[in-house]
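Trainee: predicted model, plus sequence, below.
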Amino acid sequence: MSDEDIYDKSGWGDGPWQGEPDRVEWREGSYKCLVLRNQLGALCGYAAVPPGHACYGLEYDALNEAGVDVYDGLSYSSAAGIESPVGHVELVSGRIAGDEWWVGFSCTNYMRDVLPKHEAVRRELERQGAPKWPEWPADSPFGPRSYKDLAFVMVEVRRLVAALEERRERVEGLGLPEWPETPPKPSW
């Protein structure tokens with residue numbers, strides 16, 4: 001497992017994020033796994049689906065519909081590359097990703113999650129005289145907001161890998177076309 005810091009968190013206030021790395025990568029069996037902090041200070045979790053896997057290339061909505069269950073649902077799917085957050089960080093870090101299909105989730109639900117950088121900006125704006133933002137009600141149907149720490153996100157990534165592994169050979173109920181064993185012969 002390797003980890004690194006990307007953001008200066010000194011202005012974000014006290015919290016578990018101060019002692020956590022911004023990027024952690026490891027392997028769970030044949031899956032590359034990644035936890036990456038986003039610009040709001042929240043952690044996001046990803047797993048790389050290898051070519052040949054039944055879920056390779058599937059959009060996150062299809063995987064959610066197929067029963068892949070992680071915190072707040074999958075919200076990301078893309079080939080690693082310059083356009084993708086995963087690929088962009090790979091490029092910046094000098095570690096260009098392979099041909100995997102990355103799927104992941106974020107812990108950035110404003111109604112459920114504490115976003116450290118967002119909270120720091122809010123506090124600074126209020127200090128400068130901006131109107132105080134309303135507090136989220138403690139009796140919200142979503143429960144009190146909380147910060148999802150590194151341990152929580154790593155457990156969710158492991159749950160994601162387990163769900164992907166269960167679907168390695170076949171993904172039921174997605175309405176995908178059946179591909180023939182051999183390409184059809186041309187009619188001409």
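Mentor: Looks like it arrived, so ask away.
Trainee: got the contact list for the closest residue to residue 53 other than its chain neighbours?
Mentor: Using Cβ to Cβ, 6 or more residues apart in numbering and skipping residues adjacent in sequence, the residue nearest residue 53 is residue 168, 5.7 Å away. (C-beta placed from N, C-alpha, C; glycine too.) The contact partners of residue 168, by Cβ atoms under 8 Å, 6 or more residues apart in numbering, come to 53, 54, 55.
Trainee: ok, residue 168 to residue 22 distance?
Mentor: Look at residue 168 and residue 22: by Cβ to Cβ, to the nearest Å, they are 30 Å apart.
Trainee: now residue 151
Mentor: Per Cβ to Cβ, residue 151 is found 15 Å from residue 22.
Trainee: name the residue in those two with the higher neighbour count.
Mentor: Ranked by neighbour count (other Cβ atoms under 10 Å), residue 151 and residue 22 place residue 22 first, with 19 against 10.
Trainee: make sure the more buried one is actually in contact with residue 12.
Mentor: No: assessed by Cβ atoms under 8 Å, residue 22 is found out of contact with residue 12, at 11.5 Å.
Trainee: and stretch 152-164, how far from the chain's centre?
Mentor: Centre-to-centre, stretch 152-164 and its host chain are 10 Å apart (Cα atoms, centre = their mean, to the nearest Å).
Trainee: after the lowest-mean-pLDDT helix or strand in the chain comes which helix or strand?
Mentor: Within the chain, no helix or strand scores below helix 85-93, which has a mean of 50 by mean pLDDT, DSSP states H and E. Downstream of helix 85-93, the first helix or strand assigned by DSSP states H and E is strand 101-106.
Trainee: for residue 46, what are its contacts?
Mentor: Counting by Cβ under 8 Å, 6+ apart, residue 46 touches 33, 34, 35, 36, 76, 86, 102, 103, 104, 157.
Trainee: for residue 32, what are phi and psi?
Mentor: Dihedral angles of residue 32 (phi, psi; degrees, to the nearest 10) stand at phi -80, psi 140.
Trainee: that one: neighbour count?
Mentor: 20.
Trainee: pretty sure it is touching residue 25, no?
Mentor: Yes: with contact defined as Cβ under 8 Å, residue 32 counts as touching residue 25 (6.9 Å).
Trainee: flag the shaky bits of this protein, pLDDT-wise.
Mentor: 1-3, 81-98, 170-188 (pLDDT under 70).
Trainee: need the helices for it, in chain order.
Mentor: 60-65, 85-93, 116-127, 150-166 (DSSP state H).
Trainee: and residue 143, which of those helices is closest to it?
Mentor: helix 150-166 (14.5 Å; Cβ to Cβ).
Trainee: now do the closest one: which elements does it pack against?
Mentor: With contacts defined as 3 or more Cβ pairs under 8 Å, 6 or more residues apart in numbering; DSSP states H and E, helix 150-166 has these neighbours: strand 23-28, strand 31-37, strand 43-49, strand 101-106.
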